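Participant: take a look and give me a structure for this.
(chains A and B)
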Amino acid sequence: EAGVVQSPRYKIIEKKQPVAFWCNPISGHNTLYWYRQNLGQGPELLIRYENEEAVDDSQLPKDRFSAERLKGVDSTLKIQPAELGDSAVYLCASSLAPSRDTQETQYFGPGTRLLVL
Amino acid sequence: AQSVTQPDIHITVSEGASLELRCNYSYGATPYLFWYVQSPGQGLQLLLKYFSGDTLVQGIKGFEAEFKRSQSSFNLRKPSVHWSDAAEYFCAVLKAAGNKLTFGGGTRVLVKP
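Facilitator: Predicted coordinates for the structure are as follows:
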């Protein structure tokens, strides 16, 4: 079974440029997550989708970050314009839909390593 | 709010020796706990998880972890380390509402020949 797919794997851009990351979750996984991992730290959640609805975007810097999951499958995370501090690894994860009484394991993709110069 | 502490930033171990990585959590309710491993340039791979039941959990690659509620700990162990175990290890606690994972800062494991 294919895992979470992300592209590109690496991206180098100059500050103030836009950048976009793409994620294809595991088949059948309704829930999709975007995380940011700064160097030497654990991942931090940016946004969570249930199907096409963003149900938790409280940690997403909305002035420059946006995300979409139009058909409830693939997702795109965009930064415009990028700043030097955005250099990090952006991880996508997916899971089955959690309910009030069940928790679901999140499976991660390989990430996109972004360097902003 | 939940939090996870991994006290050791780096650990160096000889190949064949045992390994123990510490994880302490702070969470008001029943914790759901995970260990993930991240090899250089890779995403996070799930090693094992604890939701309920037996407090000693077996995972992949010969790893195990023990949940100790009295100590708020979920330490990861491996009896004999292989060179391929060199990686960064992350402990995480899941907040049930929203299925939200909170990660520790990670422990980087170096394996000496």
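Participant: run the chain-centre distance for stretch B:19-33.
Facilitator: How far stretch B:19-33 lies from its chain's middle: 9 Å, per Cα atoms, centre = their mean, to the nearest Å.
Participant: now the end-to-end length of that stretch.
Facilitator: Length of stretch B:19-33, first residue to last, Cα to Cα, to the nearest Å: 19 Å.
Participant: what does stretch A:64-77 give?
Facilitator: For stretch A:64-77, the first-to-last residue distance is 11 Å (Cα to Cα).
Participant: got the contact list for the closest residue to residue B:4 other than its chain neighbours?
Facilitator: Nearest residue to residue B:4 in three dimensions, chain neighbours excluded: residue B:104, at 3.8 Å (Cβ to Cβ, 6 or more residues apart in numbering or on different chains). Bear in mind the C-beta positions are built from the backbone N, C-alpha and C, glycine included. Contact analysis of residue B:104 by Cβ atoms under 8 Å, 6 or more residues apart in numbering or on different chains lists A:42, B:4, B:5, B:6, B:23, B:90, B:91, B:92.
Participant: please redo it, this time with the cut-off set to 10 Å
Facilitator: A:41-42, B:3-7, B:21-25, B:35, B:74, B:89-93 (Cβ atoms under 10 Å, 6 or more residues apart in numbering or on different chains).
Participant: what of residue A:88?
Facilitator: A:35-39, A:41, A:43-44, A:111-116.
Participant: 6 Å instead, please
Facilitator: Residue A:88 sits next to A:36, A:37, A:38 when contact means Cβ atoms under 6 Å, 6 or more residues apart in numbering or on different chains.
Participant: ok, and the closest non-adjacent residue to the first one?
Facilitator: The shortest distance from residue A:36 to any non-neighbouring residue, by Cβ to Cβ, 6+ apart, is to residue A:88 (5.0 Å).
Participant: equivalent analysis for residue A:109, please.
Facilitator: Nearest non-adjacent residue to residue A:109, counting by Cβ to Cβ, 6+ apart: residue A:4, 3.5 Å away.
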